[in-house]
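Sharing a model that was predicted from the sequence below.
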Amino acid sequence: MQSMNVQLATSDDLPALADIWYENKVLNQQSDSGLKLLPDAKNCWSEDAHGWLENPRCRIWVATRESAVIGYIIGWLQDMPSGFEPSTVGCITEMALDLHTSSGGAGRDLLDAAREWFATQHIENVITHVPHRQAVQQAFWRGQGARDWVDLMWLKL
């Protein structure tokens, strides 16, 4: 298997990341009727991601194999509610892999890159957003030692 490389994303990576993001969100949407992608969802995500690249509280890493993007992870520094310790945690808001290629450990390598950055920020705890109905993603995070913390409830008004 060809070697994989994980590095910080650049604006040049965003079109490929947006494609991977979109395919993964289409899959999520199929298992959760509460989600509906906008017709220009990829463009919206790309525009936001440009800003994230400049945000000092955010990092985006990209995994490549033979110059092809195979996945990404987005990590943030997130403040906790007042009165709690730790006051700041790491937050993985997204991790997605190309559904058409073998990831070959890309998820673990991406998480390792995020862990290294969080450690330089003196972060010892990480929370992550994992779709409830995505068993493979749930299993990945549990395999990394993650445990359930809070339930995020969806109420349609």
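Great, that's in hand. Residues are numbered from 1 along each chain as shown.

Give the helix, strand or coil label for the closest residue to Asp98 other than its chain neighbours.
Distance criterion C-beta to C-beta, 6 or more residues apart in numbering; nearest residue to Asp98, sequence neighbours excluded, is Ile70 at 4.8 Å. Where C-beta positions appear, they are placed from N, C-alpha and C, glycine not excepted. Counting by DSSP: H, G, I helix; E, B strand; the rest coil, the backbone at Ile70 sits in strand.

Tell me the spacing between Ile70 and Ser3.
Taking C-beta to C-beta, to the nearest Å as the measure, Ile70 falls 12 Å from Ser3.

ok so, going back, so who does the residue nearest to Asp98 touch?
4, 63-64, 97-98, 101, 103, 106 (C-beta atoms under 8 Å, 6 or more residues apart in numbering).

mind running it again at 6 Å?
Under the criterion of C-beta atoms under 6 Å, 6 or more residues apart in numbering, the contact list for Ile70 reads 63, 98, 101, 106.

Quickly check those for the two that are furthest apart.
Of all pairs drawn from the contacts of Ile70, the greatest distance, 10.2 Å, lies between Ala63 and Thr101 (C-beta to C-beta).

who has more neighbours, the two?
Neighbours per residue, other C-beta atoms under 10 Å: of Ala63 and Thr101, the larger number sits with Ala63, 26 against 14.

wait, the more buried one sits on Val6?
Yes. In this structure, Ala63 sits in contact with Val6. The criterion is C-beta atoms under 6 Å, and the distance is 5.0 Å.

okay, and the common contacts of the two?
Here Ala63 and Val6 have Leu110 as joint contacts, going by C-beta under 6 Å, 6+ apart.

Roughly how far does the residue nearest the centre of the chain sit from Ser87?
When C-alpha atoms, centre = their mean is applied to the chain, the residue found nearest the centroid is Glu94 (1.9 Å). The gap separating Glu94 from Ser87 is 23 Å, by C-beta to C-beta.

same check, this time on Arg115
In this structure, Arg115 and Ser87 are separated by 19 Å, where distance is defined by C-beta to C-beta.
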